[in-house]
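[1] The sequence and its predicted three-dimensional model are supplied below.
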2 protein chains.
Amino acid sequence: MRMDSITWPRDDVQVYEVEQKFRVADTAAVERRLVSLAARFRDPLEQMDRYFAHPCRDFARSDEALRLRRCGAEVMVTWKGPRIDTASKTRLEMELGVAQAEPLPGGPPGGQATVDRWTELLEALGFRRVRDVVKRRRPARVPWQGTEVEVALDSVAGLGDFLELELQAGAGEVPQARACIDALARELGCAESERRSYLELLIAAGR
Amino acid sequence: MRMDSITWPRDDVQVYEVEQKFRVADTAAVERRLVSLAARFRDPLEQMDRYFAHPCRDFARSDEALRLRRCGAEVMVTWKGPRIDTASKTRLEMELGVAQAEPLPGGPPGGQATVDRWTELLEALGFRRVRDVVKRRRPARVPWQGTEVEVALDSVAGLGDFLELELQAGAGEVPQARACIDALARELGCAESERRSYLELLIAAGR
């Protein structure tokens, strides 16, 4: 089980996830530029994110999200708080791992069984399934401006290819982290960032 | 990690938890009677249950409950649905295990850290902490009328001692399960059942 990553404000530790996403026309070209910057690619992975609506809070209005994420047999519950920065996708976020659950009778085993069980629990509490986002992700890290930027080349079912760049930053470091990401994006030939989430893009595309 | 126990209605499998609870004046006397029935006691355990209010549903009215249960380092999320039987405490129930979480900075390690992290996640979603129920439980199984009844002798902080008897039953077997539990309770010298939960009793007692 992966360690839980939690980003949550408190007096002693404020950590923000500064993230930008770009639509990619030519994935191979972006990959070549990443390689030329000495990016280290990790194994690709399949992710399934199941998004839920809140029983009484309009997440579209409050700019939050609740999802179950499955990556192989591993399942996490993630809450994403409102964006606190208009240009980047900086958010408060909490992500906690769950234990593997028994399959439903006749249902699939492994991670999907766990997702199904947690879906039942959330539905019993009044949360409603909105949509599943399925993607193949090629994660990498690239050294850039004295730090290491987390990179993901995503191929999203129904949407196409995207590049995501992310840095963790303390409260006072958010502007520098944004500038660092912007410069790397330009270096990779990506100019216009996409602020909408994959979920929002899928909904906009009527998928 | 204990296997998840889930009780949830569907076409192919309906399992109900038929449970009754009794206030106990003389725990030693009940224990002697259980031993004379060849009950097998397991190791005692300390349980902490943290109950939450729903962001927009009145659980007191809907007769539901959501709790985090910690038993040592193990933590589960439990939803208890409405009672479907007035005499017994028969309920729909779902219980799912979570992975161990990283402690908060300066916070306690182990199971309590996991409870604290999940408390944060639930509070971010609008759930509100109601109360913690702390008890020492002596679990046992006793052969009775051709089946095995799950027994718990509970010492609840702020409330005193209780006996709980429980059987799992299919949809058509609930009346027999109730009769079986009632007969065992009489055999153990317990006549009047307590329908209220420990949480309700603590609230009623102003604890």
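    Arrived safely, thanks for sending.
[2] elements contacting the host helix or strand of A:Leu163?
    If you go by DSSP states H and E, A:Leu163 is part of strand A:160-170. Packed against strand A:160-170, as judged by 3 or more Cβ pairs under 8 Å, 6 or more residues apart in numbering or on different chains; DSSP states H and E, are the following elements: strand A:15-23, strand A:147-156, helix A:174-187. Placement of C-beta: from N, CA and C, glycine included.
[3] most tightly surrounded among those?
    Each of the helices and strands packed on strand A:160-170 was scored by mean neighbour count; the highest is strand A:15-23, a mean of 20, by mean count of other Cβ atoms under 10 Å in any protein chain shown.
[4] now it against helix A:174-187, angle please.
    20 degrees (axes from the mean of the first three to the mean of the last three Cα atoms, to 10 degrees).
[5] C-terminal to strand A:15-23, what's the next element?
    Next along from strand A:15-23, by DSSP H and E: helix A:27-36.
[6] who does the helix or strand that that following helix is followed by pair up with?
    As assigned by DSSP H and E, the chain's next helix or strand after helix A:27-36 is strand A:40-41. Strand A:40-41 sits in its sheet next to strand A:128-144 (antiparallel), going by DSSP bridges.
[7] and the angle for the strand it pairs with with helix A:27-36?
    Going by the same axes, to 10 degrees, strand A:128-144 makes 40 degrees with helix A:27-36.
[8] Check which residues of the strand holding A:Leu163 are buried.
    Using 16 or more other Cβ atoms under 10 Å in any protein chain shown as the test for burial, strand A:160-170 gives A:Asp161, A:Phe162, A:Leu163, A:Glu164, A:Leu165, A:Glu166, A:Leu167, A:Ala169.
[9] which residues touch it?
    For strand A:160-170, contacts defined as Cβ atoms under 8 Å, 6 or more residues apart in numbering or on different chains pick out A:7, A:14-25, A:27, A:30, A:147, A:149-156, A:176-177, A:180-181, A:184-185, A:188, A:190, A:194, A:198.
[10] now it: mean pLDDT?
    Averaged over strand A:160-170, pLDDT sits at 92.
[11] Tell me how many other residues surround the nearest residue to A:Ser155 once chain neighbours are set aside.
    Spatial nearest neighbour of A:Ser155, excluding adjacent residues (Cβ to Cβ, 6 or more residues apart in numbering or on different chains): A:Arg136 at 4.6 Å. Look at A:Arg136: counted by other Cβ atoms under 10 Å in any protein chain shown, it has 14 neighbours.
[12] Any idea what A:Arg136 is bridged to?
    A:Glu46, A:Ser155.
[13] ok, now which ones touch it?
    Shown in contact with A:Arg136 (Cβ under 8 Å, 6+ apart): A:Pro44, A:Leu45, A:Glu46, A:Gln47, A:Asp154, A:Ser155.
[14] would you list the residues you listed in CSV and tack on pLDDT?
    Below are the contacts of A:Arg136 laid out as CSV (pLDDT from 0 to 100):
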residue, pLDDT
A:Pro44, 95
A:Leu45, 93
A:Glu46, 93
A:Gln47, 95
A:Asp154, 97
A:Ser155, 97
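[15] Of these, which is the nearest to A:Gly110?
    Using Cβ to Cβ, the shortest approach to A:Gly110 within the contacts of A:Arg136 belongs to A:Glu46, at 12.3 Å.
[16] Am I right that that closest one is in contact with A:Glu74?
    No - if you go by Cβ atoms under 8 Å, A:Glu46 and A:Glu74 don't touch, sitting 11.5 Å apart.
[17] more neighbours, these two?
    With neighbours defined as other Cβ under 10 Å, A:Glu46 and A:Glu74 compare such that A:Glu74 has more, 17 against 12.
[18] Any figure for the gap between that one and chain B?
    9 Å (Cβ to the nearest Cβ, to the nearest Å).
[19] Run through the bridge partners of that residue.
    A:Cys71.
[20] Show me what counts as buried in stretch A:100-117.
    So for stretch A:100-117, counting by 16+ other Cβ under 10 Å, buried means A:Gln100, A:Ala101, A:Leu104, A:Gly111, A:Gln112, A:Ala113, A:Thr114, A:Val115, A:Asp116, A:Arg117.
[21] and chain B, which of those contact it?
    A:Gln100, A:Ala101, A:Leu104, A:Arg117 (Cβ under 8 Å from any Cβ of the partner chain).
[22] now the second one, what's its secondary structure?
    The one in question is A:Ala101. Three-state call for A:Ala101 (DSSP: H, G, I helix; E, B strand; the rest coil): coil.
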